[in-house]
Every structure is written in C-alpha cells, then in structure tokens.
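Student: pasting a predicted model and its sequence here:
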Amino acid sequence: MNPVIIVSVVAALVVLGVIALVTLAVLAGGRTGPRRFALAPPADPTEFLTSAPWGATVSIDLPDTPSQVWQQVLDGPTIGASPVLSGPVTEGNDRVYRGLVAFTSQVVEQNAQHGLIATGSGISIPLAIESFAERWSVAQSGTGSTLTYTVAVAPGSSASCHSGGLPCSRNPSSSSAGAARSDPVST
C-alpha cells in the first residue's frame, strides 16, 4: 500500500480523535455539563442494581476505619482518574462526576450503617445511557474496612450494549443479559 495513503489515513484518524475529545470536553464542561441531558431513574433502584443489562461490583480493603471511609464516600471524591473520570463531589443535592463524560446522581437511600444508593439524574452526552444506579457500602474488615461499589447501567434507546461480542437484553432472564454483567472483583 502507498505510504502517502497510510500517513493520510492515520492523520485523519488522529484529527477525528482530537475533535471527538474536544467535543466530549465541551459537552462535559461547566455547571450544565453533567446535567445537560436528563436520565430516567430506575423505578426500583435496588432491583435494578442486580437486573440491569450491565453492572459491575468492585470491593477494596482499606486500612482506614469504616467511619473514615464512609466520610470520604459522603464528601468525595472517591474516584480520581482525572481527566478521564473523577468524583463524586457534592453540588447541592447532586453527586457529580466529571471527566470526558460528566454525570450526576441523586441519593435515593442512605442509612447510618454505611450504605448509600443513588440513581443517575443527568449526563453530558445524549443517547449513551437511559439510566444508572450505584451503591456504595462500607463494612468492618479486620483492622480496617472494605469499600464495595456497585454500578448498574441500562444503555440508551439507540445505544448498543455489547460485552465480549454478546448483545445485551433488558430481560434479566435472558442469558445474554447475564453475560453482560460483571462478577464482583475483589482487590
């Protein structure tokens, strides 16, 4: 193949990639960014956390006391992979995540025993997801604590949902829906 064609294709892909990143940053920026497009909250967030087309659970053992970890969950941020994603931080009644995609969630259930469930209320890009829910929990573990985070997502009406090439279904009894869910990961 002609080297000029290869260089031209690579240059075009790089330019398109930069344009896409700039577009994501503009949509995610400012106070409006994470609230730009409304999300539909799941009717039953607890059930949604186990039956959504895609979900993942991650647990991590920490040396801090459950009270210290819980305070960090409440105050944020707990995720720090900037500029890709960081948050949440509290802005009014919203828990706000920022990065290439920005989104907000609102707490729908919280208990004094270090548990919190929030549902998505806004996102910076259209059509990506229809709804999401997240659960944070902290438990005593040896001399420290275990932080467990679960997120569940239903893709937007025009978004595709694939995991390992298998299509997702919103029907929790479908075998492909189960394939799209991720098993808990412990670190």
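Tutor: Yes, it's here.
Student: every contact and neighbour count from this point should use C-alpha atoms.
Tutor: Will do.
Student: would you map the strands across this structure?
Tutor: Using DSSP state E, the strands found in the chain span residues 37-38, 54-62, 79-81, 85-91, 94-99, 103-111, 115-123, 129-141, 144-155, 162-163, 166-167, 185-186.
Student: in its sheet, which strands sit next to the longest one, and in what direction?
Tutor: In this case it means strand 129-141. Using DSSP bridges, strand 129-141 pairs in its sheet with strand 115-123 (antiparallel), strand 144-155 (antiparallel).
Student: buried set for it?
Tutor: Using 16 or more other C-alpha atoms under 10 Å as the test for burial, strand 129-141 gives I129, E130, S131, F132, A133, E134, R135, W136, S137, V138, A139.
Student: related to what we said a few turns ago, quick check: which of the strands of the chain is nearest to I19?
Tutor: Taking C-alpha to C-alpha, strand 94-99 is the member of the strands of the chain nearest to I19, at 16.0 Å.
Student: and the contacts of that closest one?
Tutor: 25, 28, 34, 82-90, 102-107 (C-alpha atoms under 8 Å, 6 or more residues apart in numbering).
Student: and the strands of the chain, which one is worst for confidence?
Tutor: When those are ranked by mean pLDDT, strand 162-163 comes last with a mean of 34.
Student: who does the residue nearest to the spatial centre of the chain form a beta bridge with?
Tutor: Per C-alpha atoms, centre = their mean, the C-alpha nearest to the average position across the chain is that of V151, at 6.3 Å. Note on V151: beta-bridge partners A56, E134, judged by DSSP bridges.
Student: which one of the strands paired with strand 129-141 is the most hemmed in?
Tutor: Of all the strands paired with strand 129-141, strand 115-123 carries the top mean neighbour count, a mean of 24, counting by mean count of other C-alpha atoms under 10 Å.
Student: can you show me the CA trace of that strand as PDB?
Tutor: The C-alpha trace of strand 115-123 is given here as PDB (Å, rounded to 0.1, in the frame of the first residue of the first chain):
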ATOM      1  CA  GLY A 115     -24.800   2.300  52.900                       C
ATOM      2  CA  LEU A 116     -25.900   4.600  50.100                       C
ATOM      3  CA  ILE A 117     -27.800   4.100  46.800                       C
ATOM      4  CA  ALA A 118     -28.000   6.800  44.200                       C
ATOM      5  CA  THR A 119     -29.700   7.000  40.700                       C
ATOM      6  CA  GLY A 120     -28.500   8.800  37.700                       C
ATOM      7  CA  SER A 121     -30.200  12.100  37.000                       C
ATOM      8  CA  GLY A 122     -28.100  13.700  34.200                       C
ATOM      9  CA  ILE A 123     -25.300  13.100  31.700                       C
END
